[in-house]
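1. Generate coordinates for the sequence data below:
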Amino acid sequence: MRLPAHTCVSGATHACLCFYPCCLLPVQVMVVFDADMVAKPNFFTKILEVMLDDDCALCLTPQGFNNVDAQSDIFNNLNLSFWEYMLPGTDALGYIACTGTNFCLRCYPLADCGWFPSFTITEDYALGMLMKAKGYKAGYLNEYLAIGEAPEEIRNIFRQRSRWCKGQMQVLFSRYCPLLDTGLTLGMRLLYTSVTWCYVTNTLAVPCSVLVPFIALVFGVYPLVLNRDFALAATLFYTSSTLVTMYCTNRKHMKPLWFCIVSCHLLWFTYAKAQLNVLWKKVTKKTVVFKSTKKKGEEDGRDAKKRRFCALPQNVGDMEGTLDAWVLVASFSISMITAIVGAFQMIDRPYTAQGDFRWFLALSIFWSVYNMIPPALFIFYCYNKGQLFEDFCSFCMTLSFMVGIGGIVCTWLVPDDYNLGQVLNVSLQFFEAQRSGKVPRISNTPWRGNSGLWDSVLLPNGKNYSLLGGWYDDGGMLKLSYTTAFTVSMLSWAYHEFKGGYRSSGNVDFGANTIRWGADYLMKVSVTNITSAGASMQPIFVAQVGDMARDKLYWGSPERSNIPRPATYLSAARPGTDAMAMTSAALASAAVAIQEESLQVADVYLQKAIVLYQLAQRWRGYYAKYVESGKVYPSVSMYDDLSYAAIWIYIATGDENYLNDAIVFYDQTVSAEGHVNPNPYMFNYENVVPALDLLLYKATKDQFYKKNVQDFVRTWMNTKSRTGDIFYTPKNLAKAYPYGTLQHTANAAFYTMVAAKNVMDSKFMLYACWARNQ
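-> Have a look, this model is predicted:
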């Protein structure tokens, strides 16, 4: 028998009940067609051959349309990827597909499933799923045995696809959700959910694809990190998705298969509306309305007098109240603007400051042109569907593959700006460029020569003591022990925590030598073995080499300078607990860092660190009181520096006494010095309390320290902050109030990485991404 299933679900169910009011026999079958479908003469003989198998409950045949040209089917009405390639495969897996028309099914299984489902407007899809859950079998006959008509006007196409999406979403949010159906195997659950998942991902992917290059070029905000990882991911995704989508056994199928990609772009907004509509109806407990698709020659019931006063393109129809077409026009406009802006930027400045071609602009242009193609086809379709449109489709398909391949090539040509191994190497080169003393003949900074060869200090015993080495501070020629010590401690800590990164980037020797250059100078400034006439004298600690006033007036190179360079030192009479404790921490951390490279040198550093730690406890005072550079690099706390030294000596020796000292000094700095720091979230030479929280938690597992570490990290990562201790610039650079220099940001990024590794409970990549973006 023939049922006009196009009418409605309840109508089909009612018809079934009328024809079969009593007991149903297994041999009784029915055939369902859409009202516009016309069966070929051999339909029944072909389909009943399949139904002769008593185990077959349903047999489906593909849908064909007499008003669709396969070579210009931008809305993918023919859907060859589904009928010709997907269904034969899923049929082999036992999947039951029911698409609403052109199928034959046994009446007994239909009745067993409760007739046609009424909980969704896509009763066909739901019926196939219910039959599979009850254990029935079906077959797919890949022969076009019935031909009908597809909607031609834009509004009706959008309405049809919206209905399909709504029906799938209804099933997903119902008690019949395939993911929760215990009658289905895991594979079948995923298969019956796959189309619904495609609607969701398509809704998210298309607008992101359009907006990412637009935001990057027009606003200068880059949502993606272009590096080798991205290039590999993009290449694998584009290649695999294209090969899967475009796989065909007939060359004539290539363009119809490509239209599957095009239609996904054209219908994303339709799908988005449909999903929101179902969610809203679910929340408000309203019914999703079934809207039939009008075919050629059918009226939609709308009063012609109420339509727009201006004539729309011939293939559009009445679009009153529908935004879908305008969204596609907006998509085309956004992509076109992006391409134009990118082209102008490339013409205006084709190369970066480093001399590299700006391939990321070319990538954005290719990407934008790729996104322009679907809406351009839509706009053309609105005005013309003839041979000219078919030729335009062929041109666009060729263009899409060309710009797609061009974009993939550009991802590999973009310099890997986030090659962190290279960044690490360049960062270490900075310390090479700042070297004072006798520099090696082979280095990364060939423009630097020997300088500061006569740096020395007159000891209390009257002897001249060489202070060769160290680093120049800032852009001048001062050598400052306090800031050098903090720098050495940070370099050593990073080397110790992330030695794998140094090793994988080939920077192990470079990193160790950089640490030793700074630590060797700190060994020199800590003069602890002064004798006179065989008797020991009080040690001294050189805190500064150079004259600040004269240094500011000199703009030449260090190699040509002949400015007098006096040395300023601390002693029992001129104490500087903070500077000496920081230096002790630096030498102890250096000992921990390089013990694998040279255990003997590490032991020398450690012994000096212990001596300085003892002196720092005896000589209480602030170095800034006696050293000129203390006005530029002030220190308002000493207990945190003592705790910092103690914890590093504990890490180096394992002696619990030093751990106890670290805890005691930590408590003292919190109680006595907590008020002196203008911003507790600034981690630098002036405030090492955040570092103590992290190191003490690692040593004690005390939750108090863990909470402090978490507060520090979360405060820095609060991207919504525009005021307060930590604030963000318009381009999301985190800075510390009131100074805002990048040293605090760099230290916080490093701190976050260490915390993510040792303290934070999960989401390592979240913290790593934030640190990397800074």
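2. For the protein, give me the ranges with low pLDDT.
-> The model of the chain has pLDDT under 70 over residues 1-27, 291-321, 353-355, 416-418, 674-678, 719-724, 738-740.
3. Return the list of helices and strands in contact with the helix ranked longest in it.
-> Longest helix in the chain, counting residues (DSSP state H): helix 186-219. Applying 3 or more C-beta pairs under 8 Å, 6 or more residues apart in numbering; DSSP states H and E, we find helix 186-219 packed against helix 123-133, helix 154-172, helix 254-266, helix 268-284, helix 324-348, helix 359-383. To be clear about C-beta, it is placed using only N, CA and C from the backbone, and glycine gets the same treatment.
4. now the ones you listed in CSV, with distance to A581 and mean neighbour count?
-> Output for the helices and strands packed on helix 186-219, formatted as CSV (distance: least, C-beta to C-beta, whole Å; neighbours: other C-beta atoms under 10 Å):
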stretch, distance to A581, mean neighbour count
helix 123-133, 72, 24
helix 154-172, 63, 23
helix 254-266, 64, 21
helix 268-284, 61, 18
helix 324-348, 52, 18
helix 359-383, 47, 22
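5. okay, those helices in CSV with distance to K735 next?
-> Formatted as CSV, the helices and strands packed on helix 186-219 follow (distance: least, C-beta to C-beta, whole Å):
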stretch, distance to K735
helix 123-133, 54
helix 154-172, 45
helix 254-266, 40
helix 268-284, 38
helix 324-348, 28
helix 359-383, 26
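6. what are the ranges of the helices in the stretch 601-750 of the chain?
-> With DSSP state H, counting those that start in this stretch as the criterion, the stretch 601-750 of the chain has helices at 639-653, 656-672, 689-700, 703-716, 742-758.
7. Run through the residues that contact the residue nearest the centre of the chain.
-> The residue lying closest to the centre of the chain (C-alpha atoms, centre = their mean) is L224, at 6.8 Å. The contact partners of L224, by C-beta atoms under 8 Å, 6 or more residues apart in numbering, come to V212, A216, F230.
8. Let me have these in JSON lines, extended by neighbour count and distance to L184.
-> Below are the contacts of L224 laid out as JSON lines (neighbours: other C-beta atoms under 10 Å; distance: C-beta to C-beta, whole Å):
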{"residue": "V212", "neighbour count": "19", "distance to L184": "37"}
{"residue": "A216", "neighbour count": "22", "distance to L184": "43"}
{"residue": "F230", "neighbour count": "16", "distance to L184": "37"}
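9. with those residues in mind, which one is nearest to F392?
-> When these are compared for distance to F392 (C-beta to C-beta), V212 wins out at 26.6 Å.
10. list the contacts for the closest one?
-> P223, L224, W367.
11. The last one contacts F214, correct?
-> No - the criterion here is C-beta atoms under 8 Å, and W367 misses it with F214 at 9.7 Å.
12. Which phi and psi values does the residue in the chain sticking out farthest from the centre adopt?
-> Within the chain, the residue lying farthest from the chain centre (C-alpha atoms, centre = their mean) is A533, at 68.1 Å. As for A533, its main-chain torsions (degrees, to the nearest 10) stand at phi 60, psi 40.
13. now swap in the one 3 residues further on and tell me
-> Here the main-chain torsion angles of S536 (degrees, to the nearest 10) amount to phi -70, psi 140.
14. So what's the residue count around it?
-> A total of 10 residues lie near S536 under the criterion other C-beta atoms under 10 Å.
15. what about the strands in the stretch 401-550 of the chain?
-> 456-458, 464-466, 479-480, 526-527, 531-532, 535-536, 540-545 (DSSP state E, counting those that start in this stretch).
16. Run the chain-centre distance for the third one.
-> Offset of strand 479-480 from its chain centre (C-alpha atoms, centre = their mean, to the nearest Å): 41 Å.
17. Pairing partners for that strand, with directions?
-> strand 540-545 (antiparallel) (DSSP bridges).
18. List the contacts of the partner strand.
-> So strand 540-545 is contacted by 452, 455, 457, 459-460, 467, 470, 478-482, 524-527, 530, 565-571, 576, 579-580, 583, 612, 615, 623, 626-629 (C-beta under 8 Å, 6+ apart).
19. For the residue nearest to N461 when sequence neighbours are not counted, give me its contacts.
-> The shortest distance from N461 to any residue other than its chain neighbours is 4.0 Å, reached at S532 (C-beta to C-beta, 6 or more residues apart in numbering). By C-beta under 8 Å, 6+ apart, the contact set of S532 is P460, N461, G462.
20. ok, now how distant is S532 from L459?
-> 9 Å (C-beta to C-beta, to the nearest Å).
21. Got the phi and psi for the residue lying closest to A433 once chain neighbours are set aside?
-> Residue nearest to A433 in three dimensions, not counting chain neighbours: T445, with 4.6 Å by C-beta to C-beta, 6+ apart. When quoted as degrees, to the nearest 10, the phi and psi of T445 stand at phi -120, psi 70.
22. Could you do the one 4 residues further on as well?
-> According to degrees, to the nearest 10, the main-chain angles of G449 amount to phi -120, psi -170.
23. Leaving out chain neighbours, which residue sits closest to it?
-> Nearest to G449 is E559, by C-beta to C-beta, 6+ apart, at 4.5 Å.
24. So what touches stretch 53-62?
-> Under the criterion C-beta under 8 Å, 6+ apart, residues 26, 43, 46-47, 50-51, 83-84, 87, 96-99, 102-106, 109, 128, 131, 136-146 lie in contact with stretch 53-62.
25. which parts of it are buried?
-> Applying a neighbour-count criterion of 16 or more other C-beta atoms under 10 Å, one finds C56, A57, L58, C59, L60, T61, P62 buried in stretch 53-62.
26. mind giving me CSV with the residues you listed and columns for distance to L733?
-> Shown next, in CSV, are those (distance: C-beta to C-beta, whole Å):
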residue, distance to L733
C56, 66
A57, 64
L58, 61
C59, 64
L60, 58
T61, 61
P62, 57
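27. Now secondary structure too, for these, in CSV please.
-> Formatted as CSV, the buried residues of stretch 53-62 follow (DSSP: H, G, I helix; E, B strand; the rest coil):
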residue, secondary structure
C56, strand
A57, strand
L58, strand
C59, strand
L60, strand
T61, coil
P62, coil
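28. Can you tell me which of these is closest to S394?
-> Nearest member of these to S394, counting by C-beta to C-beta, is P62, at 24.6 Å.
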